[in-house]
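Q: Here is a sequence with its predicted model. Questions after.
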Amino acid sequence: MIRQKTNYVVVHCSATQAKSDIGVPEITRWHKERGWETIGYHFVIRRNGVLEKGRAIEAVGAHAPPFNQVSVGICLVGGIDVHGLPENNFTDEQFSALLELLQSMKVRYPAAEIIGHRDVPGTHKDCPCFDVRQWCNENGVT
């Protein structure tokens, strides 16, 4: 399905440890095992900062109900510590890639609000394990 409007850009984490170097192929496999057609995110940012494309940018995602119909999903690889607890363990390379991607999303979707998955109503998790709005403000993404 094609997304008709984009009101949000939602930042996620993969809920993996810092030592896990995964990307679109692994996450696609996980999501297909859950019965989804393909990966739920539109973009994945690997530990080394490499940006990988997931779902087509115009497609409806499967990452943040009830906002899937009106959002783009970005996943940073990482987000938990060795005990499985939330941890902002993202690399400088990931944050650089995120900054560049979010700036391009604001050009493409100027009215879209950038939020973390934890900011989606009804979400009861810490994903992406940092305050996305605060980070955007500190880095000039408005």
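A: All right, it came through fine.

Q: Helix, strand, or coil at the residue located most distally from the centre of the chain?
A: Note on the chain: the largest C-alpha distance from the chain mean falls to residue 83, namely 22.0 Å (Cα atoms, centre = their mean). Classification of residue 83 using DSSP: H, G, I helix; E, B strand; the rest coil returns coil.

Q: Next up, phi/psi of it, please.
A: phi -100, psi 0 (degrees, to the nearest 10).

Q: so who does it touch?
A: Contact partners of residue 83, counting by Cβ atoms under 8 Å, 6 or more residues apart in numbering, are absent. The way it works is simple: take the backbone N, C-alpha and C, and place the C-beta from them, glycine included.

Q: One more: residue 58?
A: So residue 58 contacts 2, 3 (Cβ under 8 Å, 6+ apart).

Q: just residue 138 next, same as before
A: Counted by Cβ under 8 Å, 6+ apart, residue 138 has zero contacts.

Q: Now do it, the pLDDT please.
A: If you check residue 138, the pLDDT there is 97.

Q: And for residue 92?
A: Reported pLDDT for residue 92: 98.

Q: Count the neighbours of it for me.
A: Using other Cβ atoms under 10 Å, residue 92 has 8 neighbouring residues.

Q: From the chain's centre, how far out is stretch 7-25? Work that out for me.
A: Distance, stretch centre to chain centre, for stretch 7-25: 6 Å (Cα atoms, centre = their mean, to the nearest Å).

Q: then that stretch to PDB, C-alphas only?
A: Coordinates of each C-alpha in stretch 7-25 appear next as PDB, following Å, rounded to 0.1, in the frame of the first residue of the first chain:
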ATOM      1  CA  ASN A   7       2.800  13.300   9.500                       C
ATOM      2  CA  TYR A   8       5.700  11.600  11.400                       C
ATOM      3  CA  VAL A   9       9.200  10.300  11.100                       C
ATOM      4  CA  VAL A  10       9.600   7.700  13.800                       C
ATOM      5  CA  VAL A  11      13.000   6.700  15.100                       C
ATOM      6  CA  HIS A  12      13.400   3.100  16.500                       C
ATOM      7  CA  CYS A  13      16.200   0.900  17.700                       C
ATOM      8  CA  SER A  14      16.600  -2.800  16.900                       C
ATOM      9  CA  ALA A  15      16.800  -3.800  20.600                       C
ATOM     10  CA  THR A  16      20.100  -5.500  20.100                       C
ATOM     11  CA  GLN A  17      23.400  -5.200  21.900                       C
ATOM     12  CA  ALA A  18      26.200  -3.000  20.700                       C
ATOM     13  CA  LYS A  19      28.200  -6.000  19.500                       C
ATOM     14  CA  SER A  20      25.400  -7.100  17.100                       C
ATOM     15  CA  ASP A  21      26.200  -6.000  13.600                       C
ATOM     16  CA  ILE A  22      22.900  -6.600  11.800                       C
ATOM     17  CA  GLY A  23      21.100  -4.800   9.000                       C
ATOM     18  CA  VAL A  24      18.200  -5.100   6.600                       C
ATOM     19  CA  PRO A  25      18.600  -8.800   5.800                       C
END
